[in-house]
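**Q** have a look; sequence and predicted model below, questions after that.
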Amino acid sequence: MPSRIEDYALLADCQSVALVAKDGSIDWLCLPRFDSGACFAALLGGPENGRWQIAPAGPVQSVRRRYREGTMVLETEYETVDGSVTVVDAMPMRTPRPDVARVVVGTRGVVRMRMELVIRFDYGSVVPWVQRIDGGLQAIAGPDRLRLITPVTMRGENLKTVADFEVCAGDRAPFLLTWYPSHERAPPHVDPDEAIEQTSLDWKAWSDRCVSDGPYGNLVKRSLLTLKAMTYAPTGGIVAAATTSLPERIGGVRNWDYRYCWLRDATFTLYSLINAGYDDEARAWRDWLLRAIAGDPSQLQVLYGIAGERRILETELPWLAGYEGSKPVRIGNAASRQLQLDVYGEVMDALHLSHRVGLADQDASWQLQRALVGFLENNWHLPDQGIWEVRGPRRQFTHSKVMAWVALDRAVKSVEQFGLQGPITRWRAVRSDIHRSVCDEAFDASLGAFVQSYGSKELDASLLMIPLVGFLPATDPRVRGTVAAIERQLMRDGFVTRYVTESSVDGLPRGEGAFLPCSFWLADNYVLQGRDEEARTLFERLAALCNDVGLLAEEYDPATSRLVGNFPQAFSHVSLVNTARNLSAAEGPASHRGAREP
């Protein structure tokens, strides 16, 4: 069985990531990119699907771990009856090929250690050819080659590589795993100790630029480090999560591949980066966005590959048992082909924000923005799959209409505030039409609240966005009624679920955890309504879900007290950063983004 989701820590080199558990096992590693085939896939199966474990051979009395301050360098301390050791793990920034450096450091006594390396390319399905080389071994299969260099003596055993060794106080046992294309010459060796120290310096230099004052500064900085870790440096794209197919309910089928870039996260991400002083990263994300969406507005997708790829075919991997039996395991994501009108609003809002904060000349993207708005003028009334990417029938989702309004509103504001050219009279009329449609068709007087879709009686946590984007003020009685209804019907043990999955809206079996970004949105609503103490209480409840190294998944299951869903989740960390800002600044993202009258 893999470890609990919250027992994993993240290593990263800003092109890919590794997940390492408290037991010293790297159970997930995709090389050379976030979306490449995994060479360690035990996370979604078992050790036979690939992993790399370094840990004490005997019983462990306690485990403590931490990141070095301001870095993604992980230190895990193991206490045993015979002594203690620290395993230091890092993924150095590319020089030029991806490496994983691991160093075992003896701190007390003599500790017997065991290393077990199981390489299985293509998501745990391909057994490579393993050969001894000077200083270690190499494993080859098809286009992939891995090289492990270490002074520790290794041997083959049942299609895996193992080593048994002792570490005394003061000893250091280094390991360096390197990936490179099988047809290329081997890259130069890198000293693991030197690589780890340089990696610490690189991350510290980045995190020292962070503007994160206030009572939640450390939480914010760790979340921003996590966001940076999930950035694909060559393009500026930010993946939604490091993993695929971690279930939203243990044993369920809501298992999706999140190793791609979602447009829906754009504005929230820009706010979190800009407010922390990371203008270069915000500009790179904005530039990735412009490149990805270039083309026919009717072909806008909700998600793209990390370099802007559009073809993201969804496939199931039947040889993997799934995390704790949660099948199917999927790679790719069919949501890339869905119609989700809300993303037009997210894109327009992100580009409008970019100009407001001076990231770049609006003229460079204005023609594209006009084309996006032109598409919406003729198509905002269509049913779609909505923010939650439902796999049931298309509906007139309220959130989609609200975000269509946002697109028209930001277009109008761009003309009014920046002097850009556009048919402002027509856009104002369409904006008013959308606003009227939502208020007439989506508000249920008997519930005193807006509903999930036109004619529905169901609630939806995405309705919390209504005041956050400026569609209606947070003090509007309809907004207050919606917040109260969500508190009554969608809160479970103090956390917000997205919607009632028992309905047939999403075409899937019922059951999932509480969606963490929605819970942060509720806290943001509390701030806008002046309910500061309730906002702070909810925020601190959410922050307490971070694992021992400050990471959050997509969801939380209150019934089992477990993190569920893909991990770590960029949207959860972005939401944490922005809500912390809302609580500690006079004008946080919620008031800044929502301060627009219809």
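**A** Cool, got the structure. Please read these numbers as outputs of a predicted model, since none were measured by experiment.

**Q** what sits against residue 87?
**A** 24, 54-55, 75-76, 78, 102-105 (C-beta atoms under 8 Å, 6 or more residues apart in numbering). Quick note: C-beta positions are derived from backbone N, CA and C, even for glycine.

**Q** so where's the longest strand in the protein?
**A** strand 99-118 (DSSP state E).

**Q** quickly run through the sheet partners of it, with directions.
**A** Strand pairing for strand 99-118, using DSSP bridges, gives strand 51-56 (antiparallel), strand 83-90 (antiparallel), strand 161-168 (antiparallel), strand 172-181 (antiparallel).

**Q** buried ones in the third one?
**A** By 16 or more other C-beta atoms under 10 Å, the buried positions in strand 161-168 come out as 161, 163, 165, 167.

**Q** now swap in the last one and tell me
**A** By neighbour count with 16+ other C-beta under 10 Å, strand 172-181 contains the buried residues 173-180.

**Q** what's around the closest residue to residue 214 other than its chain neighbours, how many residues?
**A** Leaving aside its sequence neighbours, residue 214 sits nearest to residue 584 (C-beta to C-beta, 6 or more residues apart in numbering; 3.3 Å). Using other C-beta atoms under 10 Å, residue 584 has 16 neighbouring residues.

**Q** residue 584 and residue 215 touch, don't they?
**A** Yes: if you go by C-beta atoms under 8 Å, residue 584 and residue 215 touch, sitting 6.4 Å apart.

**Q** now do the buried residues in the helix or strand residue 429 falls within.
**A** Following DSSP states H and E, one finds residue 429 within helix 424-441. If you call a residue buried by 16+ other C-beta under 10 Å, then helix 424-441 has these buried ones: 424, 427-428, 430-431, 434-435, 437-438, 441.

**Q** check what pLDDT residue 360 gets.
**A** pLDDT recorded at residue 360 is 68.

**Q** err, residue 503, not the other one
**A** So residue 503 comes in at 67 (pLDDT).

**Q** low-scoring stretches of the stretch 351-500 of the chain, by residue?
**A** 360-362 (pLDDT under 70).

**Q** quick one: the helices in it, in order.
**A** For the stretch 351-500 of the chain, the helices defined by DSSP state H, counting those that start in this stretch cover 363-379, 398-418, 424-441, 465-468, 477-489.

**Q** roughly how far out does the shortest one sit from the chain middle?
**A** Average the C-alpha atoms of helix 465-468, do the same for its chain, and the two points are 22 Å apart (C-alpha atoms, centre = their mean, to the nearest Å).

**Q** what does that helix rub up against?
**A** Contacts of helix 465-468 (C-beta under 8 Å, 6+ apart): 399, 402-403, 450, 471-474, 476, 479, 482, 521, 524-525, 528, 590, 593-594.

**Q** can you name the residues that contact residue 83?
**A** Contacts of residue 83 by C-beta under 8 Å, 6+ apart are 106-111, 168-169.

**Q** report the beta-bridge partners for it.
**A** residue 80, residue 109.

**Q** quick check: it vs residue 106, distance?
**A** 7 Å (C-beta to C-beta, to the nearest Å).

**Q** and for those two, which residues touch both?
**A** Common neighbours of residue 83 and residue 106 (C-beta under 8 Å, 6+ apart) are 168-169.

**Q** tally of neighbours for residue 134?
**A** 6.

**Q** among the helices of the stretch 351-500 of the chain, which is nearest residue 340?
**A** Taking C-beta to C-beta, helix 398-418 is the member of the helices of the stretch 351-500 of the chain nearest to residue 340, at 7.0 Å.

**Q** looks like residue 204 contacts residue 71 (just checking).
**A** Yes: Residue 204 lies in contact with residue 71 (C-beta under 8 Å); the separation is 5.6 Å.

**Q** ok, those two, which is more surrounded?
**A** residue 71 (20 against 14).

**Q** quick one: contacts for the closest residue to the more buried one other than its chain neighbours?
**A** Spatial nearest neighbour of residue 71, excluding adjacent residues (C-beta to C-beta, 6+ apart): residue 203 at 3.7 Å. Shown in contact with residue 203 (C-beta under 8 Å, 6+ apart): 68, 70-73, 225.

**Q** so which of the residues you listed wins on neighbours?
**A** That'd be residue 72 among these, by other C-beta under 10 Å, with 28 neighbours.

**Q** and that one, how far is that from residue 146?
**A** Residue 72 is 21 Å from residue 146, by C-beta to C-beta.

**Q** quick one: the strands in the stretch 251-400 of the chain, in order.
**A** With strands called from DSSP state E, counting those that start in this stretch, the stretch 251-400 of the chain shows them at 261-262, 303-304, 315-316, 330-331.

**Q** reformat the ones you listed as JSON lines; add mean neighbour count.
**A** Converted to JSON lines, those look like this (neighbours: other C-beta atoms under 10 Å):
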{"stretch": "strand 261-262", "mean neighbour count": "28"}
{"stretch": "strand 303-304", "mean neighbour count": "24"}
{"stretch": "strand 315-316", "mean neighbour count": "12"}
{"stretch": "strand 330-331", "mean neighbour count": "20"}
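
**Q** dump those to TSV, plus distance to residue 555.
**A** Below are these laid out as TSV (distance: least, C-beta to C-beta, whole Å):
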stretch	distance to residue 555
strand 261-262	16
strand 303-304	19
strand 315-316	22
strand 330-331	17
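
**Q** nearest to residue 151, of those?
**A** Ranking these by proximity to residue 151 (C-beta to C-beta) places strand 330-331 first, at 36.7 Å.

**Q** wait, residue 168 touches residue 105, no?
**A** No: with contacts counted by C-beta under 8 Å, residue 168 stays clear of residue 105, the gap being 10.7 Å.

**Q** ok, back up a step: element containing the residue nearest to residue 71?
**A** Counting by DSSP H and E, residue 203 is part of helix 192-207.

**Q** can you pull the buried residues of that helix?
**A** Buried-residue list, helix 192-207, by 16+ other C-beta under 10 Å: 192, 195-200, 202-203, 206-207.

**Q** likewise stretch 297-314?
**A** Across stretch 297-314, burial judged by 16+ other C-beta under 10 Å covers 297, 300-308, 312.

**Q** avg pLDDT for that stretch?
**A** 95.

**Q** list of residues touching it?
**A** 33-35, 232, 234-235, 237, 239-240, 257, 259-264, 288, 291-293, 330-338, 340, 343-344, 347, 371-372, 374-375, 389.

**Q** weed out the non-buried ones from those residues.
**A** Listed as buried from these are 33-35, 232, 235, 237, 239-240, 257, 259-264, 288, 292-293, 330-333, 335-336, 338, 340, 343-344, 347, 371-372, 375, 389; burial here means 16+ other C-beta under 10 Å.

**Q** and residue 49, what does it touch?
**A** For residue 49, the contact set (C-beta under 8 Å, 6+ apart) comprises 40-42, 118, 120, 123-125, 319-320.

**Q** measure stretch 386-401 end to end?
**A** By C-alpha to C-alpha, to the nearest Å, the extent of stretch 386-401 from end to end equals 9 Å.

**Q** hang on, I meant stretch 436-450
**A** Rule used - C-alpha to C-alpha; the end-to-end distance of stretch 436-450 is 13 Å.

**Q** repeat that for stretch 545-565.
**A** With C-alpha to C-alpha, one end of stretch 545-565 sits 14 Å from the other.

**Q** so who does the residue nearest to residue 87 when sequence neighbours are not counted touch?
**A** Nearest non-adjacent residue to residue 87, counting by C-beta to C-beta, 6+ apart: residue 76, 4.8 Å away. By C-beta under 8 Å, 6+ apart, residue 76 lies in contact with 9, 20, 22, 24, 63-65, 86-87, 89.

**Q** again, only this time at 7 Å
**A** Shown in contact with residue 76 (C-beta atoms under 7 Å, 6 or more residues apart in numbering): 24, 63, 65, 86-87.

**Q** same check, this time on residue 535
**A** Residues near residue 535 by C-beta under 7 Å, 6+ apart: 523, 526-527, 583.
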